[in-house]
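Undergrad: Sequence unavailable; structure follows:
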C-alpha cells in the first residue's frame, strides 16, 4: 500500500519511479543557470516626482510608503510635510524592492563613496542658509 501511495505522489509531482531515478547518479549533473527573462515595461504613463522625505507604515498584509517634499530638511520641520505620492504594496514586493535598492546603493557607494544619511554630519560648520549672498537679480 505504501508503494502505491508513493507512486501516486510521484505521478502528482510529474515524476516516475524508474530504476535510474531510484539509484544514485553516477555522475553529478551540471546545474543549469536560470535564464534571465527580459521583462518589457511601458513607462509612457509614469509620473516622476522628487522626494526627500519618506514615511513607512503598514498593516500585517501591506506596506504603505509615503513620499513628500520636506522644504526644511535640516532640523525639525515647522510645517506639515506635504505627501505627494503613496505606494501600497505587499511584503513580498517590498522585500524584492529592498534587495534591489540595497544592491543599487552598494554600487553607488563603491563608485562615489559612502553616503552619510545624518544631515547634521554633512552640513559644514558655520554655514547657514541665511549667510548666502543675494541671488541673481
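TA: Good, I have the coordinates. Since the model is a prediction, treat every value here as computed from it, not as a measurement.
Undergrad: Tell me if residue 103 really is in a strand.
TA: No - with DSSP: H, G, I helix; E, B strand; the rest coil as the criterion, residue 103 is helix rather than part of a strand.
Undergrad: how near is it to residue 89?
TA: 18 Å (C-beta to C-beta, to the nearest Å). C-beta coordinates here come from the backbone N, C-alpha and C atoms, glycine included.
Undergrad: the more surrounded of these two?
TA: Higher neighbour count among residue 103 and residue 89: residue 89, with 15 against 10, using other C-beta atoms under 10 Å.
Undergrad: check contacts around the more buried one.
TA: Residue 89 makes contacts with 62-63, 65, 97, as judged by C-beta atoms under 8 Å, 6 or more residues apart in numbering.
Undergrad: and it, bridged to which residues?
TA: Residue 89 forms beta bridges with residue 63, as assigned by DSSP bridges.
Undergrad: ok, back up a step: just the buried members of the contacts of residue 89?
TA: 63, 65 (16 or more other C-beta atoms under 10 Å).
Undergrad: ok, the contacts of residue 89 vs residue 108, which is closest?
TA: Of all those, residue 97 has the smallest distance to residue 108: 16.2 Å, by C-beta to C-beta.
Undergrad: mind checking how far residue 84 is from residue 117?
TA: For residue 84, the distance to residue 117 equals 21 Å [C-beta to C-beta].
Undergrad: which one of the two has more residues nearby?
TA: residue 84 (14 against 7).
Undergrad: these two touch, right, that one and residue 49?
TA: Yes - counting by C-beta atoms under 8 Å, residue 84 does reach residue 49; the two are 5.5 Å apart.
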